[in-house]
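Student: sequence unavailable; structure follows:
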């Protein structure tokens, strides 16, 4: 899985300008607090009373929404979840996946220091809330209209 290209927030923004879709894999709550402008929320896991629970629909919803040929940049809070998401997508046959290594907040070094600023700390365009058509609820509903 070492073949996943990791890119900076600035590079992710440039890819979005070229037509790539930024998929924020953080929880619904984290996404609502702030995300890259234009991002789509497909959580890799959901927050629950006992901690994080894997989202069993992640890969199927991604395939339904973007297809395996979709050009996708995945991002999260600091790079951990997005790398796991990118690995899951590549393992399931997705061919155009980039991982935004510093996430929303920033990548951290071995002693907790900020090693690279994330999207929110670079002056790139941001949004808050649950944008129509790009919130997890809307993405999920589009894949299964009977919800």
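Tutor: Good, I have the coordinates. Note that the structure is predicted; figures quoted are calculated from it, not measured.
Student: C-alpha only now, for contacts and for neighbours.
Tutor: Fine.
Student: now residue 122: how far from residue 27?
Tutor: With distances taken as C-alpha to C-alpha, to the nearest Å, residue 122 is found 22 Å from residue 27.
Student: quick one: which of those two has more around it?
Tutor: Neighbour count, other C-alpha atoms under 10 Å: between residue 122 and residue 27, residue 27 has more, with 20 against 14.
Student: if I pick that one, what's in contact with it?
Tutor: With contact set as C-alpha atoms under 8 Å, 6 or more residues apart in numbering, residue 27 has these partners: 41, 43-47.
Student: now render those as a markdown table, adding pLDDT.
Tutor: A markdown table is the format used below for the contacts of residue 27 (pLDDT from 0 to 100):
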| residue | pLDDT |
| --- | --- |
| 41 | 98 |
| 43 | 98 |
| 44 | 98 |
| 45 | 96 |
| 46 | 93 |
| 47 | 90 |
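Student: make TSV from the residues you listed and add secondary structure, distance to residue 75 and neighbour count to it.
Tutor: As requested, those are exported to TSV (DSSP: H, G, I helix; E, B strand; the rest coil; distance: C-alpha to C-alpha, whole Å; neighbours: other C-alpha atoms under 10 Å):
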residue	secondary structure	distance to residue 75	neighbour count
41	strand	10	30
43	coil	10	26
44	coil	10	23
45	strand	13	20
46	strand	15	16
47	strand	17	16
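Student: now compare these and name the two farthest from each other.
Tutor: Farthest pair in the contacts of residue 27 (C-alpha to C-alpha) is 41 and 47. Separation: 14.0 Å.
Student: buried residues in the helix or strand hosting residue 32, which are they?
Tutor: Assessed by DSSP states H and E, residue 32 sits inside helix 28-33. Across helix 28-33, burial judged by 16 or more other C-alpha atoms under 10 Å covers 28, 30-32.
Student: in this structure, which spans are strands?
Tutor: Assigned by DSSP state E, the chain shows strands spanning 5-7, 21-24, 35-36, 40-41, 45-48, 51-54, 72-75, 97-100, 106-108, 114-117, 126-127.
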